[in-house]
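*Asks:* return a 3D structure for these sequence lines:
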Amino acid sequence: MASVNEAFTLSWEGSIAILTLLPPVDRLSETSLSVLAQRVLGPLEQNPPTGLILDLSRMDYINSTLLSFLLRCHKRVKDHRGEVVVTGASERVRELLILTSLDMVWPLYETRQKALAALRANQHPA
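*Replies:* Numbers count the residues shown, from 1 in each chain. Have a look, this model is predicted:
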């Protein structure tokens, strides 16, 4: 069974959070996914980012449970007026995002650098 610690990384570039999903995430049990949600959503609540990059570059497939988790991340960030974007979506994941119309909610970028640049360009001074 995959470990929660092997399923993601959450890093920061200034006030922008970067959530990178790693392939073991699609093999997590429901209980482990709850732990994952706590480990990601907690920091996003305690230190609300101005932007969140969902880095899906390591994922070839996203199931409905993972999609639901990403929507929870989206809600947490949007509740604090942050923006959410996706980077590195494979053709298969991109098709899913288009089919679910999430490409209209989350702008899609080819690279992390382009996603960071877009989020920084949209930041407003306090």
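*Asks:* can you list phi and psi of the closest residue to residue 15 other than its chain neighbours for me?
*Replies:* Computed as Cβ to Cβ, 6 or more residues apart in numbering, the closest residue to residue 15 that is not its neighbour in sequence is residue 50, at 4.3 Å. Bear in mind the C-beta positions are built from the backbone N, C-alpha and C, glycine included. With angles defined as degrees, to the nearest 10, residue 50 sits at phi -80, psi -20.
*Asks:* burial count for residue 50?
*Replies:* By the criterion of other Cβ atoms under 10 Å, residue 50 has 19 neighbours.
*Asks:* for it, give its distance to residue 107.
*Replies:* Using Cβ to Cβ, to the nearest Å, residue 50 is found at 15 Å from residue 107.
*Asks:* buried residues in the longest helix along the chain, which are they?
*Replies:* The residue-count maximum for a helix in the chain (DSSP state H) belongs to helix 30-46. Residues 32-33, 36-37, 40-41, 43-44 are the ones in helix 30-46 that count as buried (16 or more other Cβ atoms under 10 Å).
*Asks:* turn these into TSV, columns for pLDDT and distance to residue 57.
*Replies:* Shown next, in TSV, are the buried residues of helix 30-46 (pLDDT from 0 to 100; distance: Cβ to Cβ, whole Å):
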residue	pLDDT	distance to residue 57
32	86	22
33	85	20
36	88	18
37	89	21
40	94	17
41	94	22
43	94	21
44	94	20
